[in-house]
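Visitor: sequence and predicted model, in that order:
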Amino acid sequence: MRKVLVVDDEKLVRRGIMSTFPWEKHGFVVAGEAAGVESALEFVRRDPPDLVFTDLTMPGLSGFDLIRALGTEFPAVATVVLTCHDSFQYLQEAMRMGVLDYIVKTELEDEVLDRSLARISEKLGLRGVPEEVAAPKLERGVLICARGAQWQRGDLMPVVLSSADGQRLLEVDPTTWFLPLLPRQTDTWESLIVAYHQELVAFEPWVFALVTGLPGSFEAALPGLERLRSTGLFYAWNGRQNFLRLAWVDAELTATNVNLTSWFQTGWVLSDQRFEALLAETRRAVWDRGRLCSHFDAVALEWDRLLCLNLAQELHSLAESLLFWTNWEHWLIGLRDRLLGTLRAQASPSTAQSILEAIDYLRLQPQLNLGADEVAWQQHMSRSYFCQCFRKVTGQSFGTYLGGLRLDRAKALLLAGSEPIGRIADECGFRDRRYFSRVFRAATGFLPTEYRRVGGPEV
C-alpha cells in the first residue's frame, strides 16, 4: 500500500478527505495529516510518504511552498494538489513545479474521486519509467465541445469511461473535453471519435476539432488548450459543421487593442451599415467569451437605463449558451431587432433618431452639469418639445434619465481614485456637495465617502 499524507489548514476538510476518498481500493493508505507546511515537512522527515495531497491556499506558507520544499528535499515524494480553483491559469504554476495531478474540492462526487485516484495510482506507477514510455510524444488530439448549454458534466462520463482505447479525456472547461491521440493510434481521427459522436448526440449537438502540431507532451499542451477553446475554436465554428481542423498556432490568437466603445453609442441601432461594420470589428478583436460577457453586460445596462428593459438580466441567463462567436452574432442581431422594435413602437424614425443622437451627445460630455435646454438646443428643438419626445421614445422623463446618469457617473468617479467629493459633485451636475451627498445616500444607502471606502457594494 502506498502511504499518503493529507495537508489542509481546515480540520473538517482534512477529515472529510481522509474518510471519504476510496483509498484502499486504489492501493493507498492514509499515514498522517498536517494543518500546514511546517508540520507537513516534519512528518515527511520522520516517515516519508509516497504521496502528499496538499491544499494550495493556506495561511502563512502556501501549498506552493510545500511543493518547492518537497521537490528540493524529497524529490521521490509525489504531490497532488487539492484546490477550489479549476482554471488552467491558476494550476499552471503547480503543473510546472511537477505535481502529479490535481483534484478540485468542489467536485468530490464518488465517480469523480474513483476516477481521480485510479488515474493518480496509474501515474504514480509510471514514475521512474523512461519518459518515452511513461509519456509518449503527443502530436495531435481532438477537442470535443458542446454546442449548447443543456449539457451537464455527468452526461459525458459514461462515454469517457467507455473509450475504446482506454484513453483518458482532459476537461478543458465545463463544456469541452480533449482526447489525446497517441502515435500508436493509426486510424483516422474521424473513426476514433465516431463512437463519441453517436453517444453524445443523444444529449445535444457537439463539435469535434482535430488539433495538430501539439507541443510534445500532455503537460506542455495543458495551458494552451483552454486558450485554443476560447479563441481558435470559439471563432472557427460557423454554426453548421460537426468536424473542424485546427493548428496549435491557433492557441496563440491574442485579443487586439480594438476600441469597441462604439457599442455604447446608439447609432448602430438605426443604421444597418454601422451595425455590420461594428459586428465585423468586434469579431476581428478576437476577444474571448469572458471579455465579451463583461463588455456587453455593460452595453445592456446602458440600454436598460435608457429604455427600461431587462436586457442585462436576460444576458446573464443566456451567457451559458453563448459558447461560440456565431452565438454572439445571433444574440447581437436579436438585440438590435428588439431595440428597433421598441423604438418604432414608441415614436417615428426621425423622432427616435433625434433623441438617440441627443443621448450620445449627453453621454460624451466630460461634465454632466448641463440640462434639458442645452441638449434640446443641440437637436434644434424647443425644451418642451424635446422633453415630450424624450418621454415618448424612452418611457421616462429626461430629468429621471439624467439623474440616473449623474449617479452612475459619480459612482465610477468615486471608485476610480481620490478626487475630492466636491469636485465630483460639480462634474456630475449637482449644485453643491451637501445636495449631492443627500441624493447619493437616498439612492444607494451610502454617503459618497462610505461608498468609496467600502468599494462600491451592489445596491
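Guide: It's in.
Visitor: every contact and neighbour count from this point should use C-alpha atoms.
Guide: Noted.
Visitor: shaky segments in the stretch 101-250 of the chain?
Guide: Along the stretch 101-250 of the chain, the parts satisfying pLDDT under 70 run over 126-137, 149-169, 182-204, 217-219.
Visitor: try it again at 80.
Guide: The model of the stretch 101-250 of the chain has pLDDT under 80 over residues 104-109, 111-112, 122-123, 125-139, 148-171, 174, 180-205, 215-223, 242, 249-250.
Visitor: mind giving me the packing neighbours of the helix or strand where R453 lies?
Guide: Secondary structure assignment for R453, by DSSP states H and E: helix 448-454. Judged by 3 or more C-alpha pairs under 8 Å, 6 or more residues apart in numbering; DSSP states H and E, helix 448-454 is in contact with helix 398-416, helix 433-444.
Visitor: got TSV for those helices, with mean neighbour count and distance to A319 too?
Guide: Shown next, in TSV, are the helices and strands packed on helix 448-454 (neighbours: other C-alpha atoms under 10 Å; distance: least, C-alpha to C-alpha, whole Å):
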stretch	mean neighbour count	distance to A319
helix 398-416	17	24
helix 433-444	16	28
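Visitor: would you turn those helices into CSV with mean pLDDT and distance to L228?
Guide: Shown next, in CSV, are the helices and strands packed on helix 448-454 (pLDDT from 0 to 100; distance: least, C-alpha to C-alpha, whole Å):
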stretch, mean pLDDT, distance to L228
helix 398-416, 93, 34
helix 433-444, 93, 42
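Visitor: so for G16, which of these sits nearest?
Guide: helix 398-416 (41.6 Å; C-alpha to C-alpha).
Visitor: show me what that closest one is packed up against.
Guide: Using 3+ C-alpha pairs under 8 Å, 6+ apart, the elements in contact with helix 398-416 are helix 289-307, helix 383-394, helix 421-427, helix 448-454.
Visitor: of all the ones you listed, which one comes closest to L323?
Guide: helix 289-307 (7.3 Å).
Visitor: for the closest one, give the mean pLDDT please.
Guide: Helix 289-307 shows a mean pLDDT of 92.
Visitor: who's in contact with it?
Guide: Contact with helix 289-307 is made by 230, 263-264, 309-312, 315-316, 319, 322-324, 393-395, 401, 404, as judged by C-alpha atoms under 8 Å, 6 or more residues apart in numbering.
Visitor: report the buried residues of stretch 424-435.
Guide: By neighbour count, with 16 or more other C-alpha atoms under 10 Å as the criterion, the buried positions of stretch 424-435 are I424, A425, D426, E427, C428, G429, F430, R433.
Visitor: equivalent analysis for stretch 10-27, please.
Guide: Quick answer for stretch 10-27 (16+ other C-alpha under 10 Å): R14, I17, M18, F21, P22, W23, H26.
Visitor: quick one: residues contacting the closest residue to W325 other than its chain neighbours.
Guide: Spatial nearest neighbour of W325, chain neighbours left out: Y235 (5.4 Å); criterion: C-alpha to C-alpha, 6 or more residues apart in numbering. Listed by C-alpha under 8 Å, 6+ apart, the contact set of Y235 reads V286, F324, W325, T326.
Visitor: mind putting the helices and strands packed on helix 448-454 into TSV with distance to V454?
Guide: Putting those into TSV (distance: least, C-alpha to C-alpha, whole Å) gives the following:
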stretch	distance to V454
helix 398-416	10
helix 433-444	12
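Visitor: out of those helices, which is closest to F208?
Guide: helix 398-416 (43.4 Å).
Visitor: for that closest one, C-alpha coordinates in CSV please.
Guide: C-alpha atoms of helix 398-416 as CSV (Å, rounded to 0.1, in the frame of the first residue of the first chain):
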residue,chain,number,x,y,z
PHE,A,398,-35.4,63.5,-19.3
GLY,A,399,-34.8,64.5,-15.7
THR,A,400,-35.2,60.9,-14.4
TYR,A,401,-32.7,59.7,-17.0
LEU,A,402,-30.2,62.4,-16.4
GLY,A,403,-30.4,61.9,-12.7
GLY,A,404,-29.6,58.2,-13.1
LEU,A,405,-26.7,59.0,-15.5
ARG,A,406,-25.3,61.5,-13.0
LEU,A,407,-25.4,59.0,-10.1
ASP,A,408,-23.7,56.3,-12.2
ARG,A,409,-21.0,58.8,-13.3
ALA,A,410,-20.5,59.7,-9.7
LYS,A,411,-20.2,56.1,-8.6
ALA,A,412,-17.5,55.5,-11.2
LEU,A,413,-15.5,58.6,-10.2
LEU,A,414,-15.7,57.7,-6.5
LEU,A,415,-14.2,54.3,-7.2
ALA,A,416,-11.7,55.5,-9.8
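Visitor: what segments of the stretch 1-150 of the chain are helices?
Guide: Taking DSSP state H, counting those that start in this stretch as the test, the helices found in the stretch 1-150 of the chain are 11-20, 37-46, 63-73, 88-96, 110-126, 131-134.
Visitor: and of those, who's closest to R140?
Guide: Comparison of the helices of the stretch 1-150 of the chain against R140 by C-alpha to C-alpha identifies helix 131-134 as nearest, at 16.3 Å.
Visitor: how is the protein divided into domains?
Guide: In the assignment given by automatic domain parsing, the structural domains of the chain cover 2-131, 135-252.
Visitor: now the ones you listed as CSV including distance to A372?
Guide: Output for the domains of the chain, formatted as CSV (distance: least, C-alpha to C-alpha, whole Å):
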stretch, distance to A372
domain 2-131, 49
domain 135-252, 44
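Visitor: tell me the average confidence for the helix holding R453?
Guide: Helix 448-454 comes out at a mean pLDDT of 90.
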